[in-house]
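Peer 1: From the sequence below, what's the structure:
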Amino acid sequence: MAFLKRFMDTFDTEEIPRTLFILGDYLNNCQLDVAPGELEDIYLRPLNDIAQHSYSHGMIKRIEGYATDRPIMTPADFLADVKKANDVLQAILDVKPSGLRIPLGYDNDLSDIPEIVQELKELGFSYVSSDLRASDSFNAPLTASRQPHCYTNIGCPGVAELPSHGWQDVVFTQEKSQALLGRTPPAPKEIIEHFVGLFDRARQLELPDVYISLCLHPWAVMDYDPNLEILLTVARTAREQQIEIITYSDVAKKIIS
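Peer 2: You can find the predicted model right below:
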């Protein structure tokens, strides 16, 4: 909680907007450890865009070579889990989220599970972020085809898919770098070069717009960037290159409009 507050304070000072994908079970447990009003102080800020990450962080598809022992939730069970997370966010923070980051993330979007997208639309979600990796990899490719898009192909033009690109930042930590990559974590300079390299590759695709919304795990940031020097360097470099930093909700509005 102390690190999260410092994170929010620092990003407020730098005027960096961000989207928070909050896990329902996590938020429930936080109530046991914080003083009244502390969660509101951390999460309810003008530059915070509150979204959700399900309640229990379950899987809805098999991921090649990863978590093979974990059960796969049915669409009905997953949607019940999402509704439960909504209820928790409403009860604790008085927020109804419009976005969902699918736990773990997958290779390709949710077009093959249309009932999930259709029900998310009924629940008031305007976007979902599910396409987060290449097959059997945490390194999601940056290509012209893997850009934000609407689910028009399954009859849900009002729901946007917002893919993520590059390394999921958990691989920058001591534990996950060794477990997932079989190597020591990248040095700070290498992490910065990775993110800034994505800016250059995005420009090479000749897209109509280039903007960023960082995909981060606070517990991981606390490991690989405890003083937030890496992330501030990335954010400042983006602005120096006139790349806009926006929330996921603002990305969805651009796509749906």
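Peer 1: Identify the residues contacting stretch 241-255?
Peer 2: Judged by C-beta atoms under 8 Å, 6 or more residues apart in numbering, the contacts made with stretch 241-255 from elsewhere in the structure are 16-19, 49, 51, 98-99, 126-127, 129, 148-150, 160, 162, 199, 209-214, 235, 238-239. For glycine as for every other residue, the C-beta is placed from the backbone atoms N, C-alpha and C.
Peer 1: now the strands: where do they sit in this structure?
Peer 2: In the chain, strands defined by DSSP state E lie at 18-22, 48-52, 99-106, 127-131, 139-140, 149-151, 156-161, 166-167, 211-212, 244-245, listed in chain order.
Peer 1: Quick one: closest of those strands to Ser177.
Peer 2: Checking the strands of the chain against Ser177 by C-beta to C-beta gives strand 166-167 as the closest, at 9.9 Å.
Peer 1: wait, what's in contact with the closest residue to Thr233 other than its chain neighbours?
Peer 2: Once its chain neighbours are removed from consideration, Thr233 has its nearest residue in Ile192; the separation is 5.4 Å (C-beta to C-beta, 6 or more residues apart in numbering). Under the criterion of C-beta under 8 Å, 6+ apart, the contact list for Ile192 reads 230, 233-234, 237.
Peer 1: Report the separation between Ile192 and Thr237.
Peer 2: For Ile192, the distance to Thr237 under the criterion C-beta to C-beta, to the nearest Å works out to 8 Å.
Peer 1: repeat for Pro208
Peer 2: On the measure of C-beta to C-beta, Pro208 and Thr237 end up 22 Å apart.
Peer 1: Give me the more crowded residue out of the two.
Peer 2: Between Pro208 and Thr237, counted using other C-beta atoms under 10 Å, the more crowded position is Thr237 (14 against 6).
Peer 1: wait, doesn't that one sit right on Val196?
Peer 2: Yes - Thr237 is in contact with Val196 according to C-beta atoms under 8 Å; the separation is 5.5 Å.
Peer 1: Pick out the residue closest to the middle of the chain.
Peer 2: Per C-alpha atoms, centre = their mean, the C-alpha nearest to the average position across the chain is that of Cys215, at 4.6 Å.
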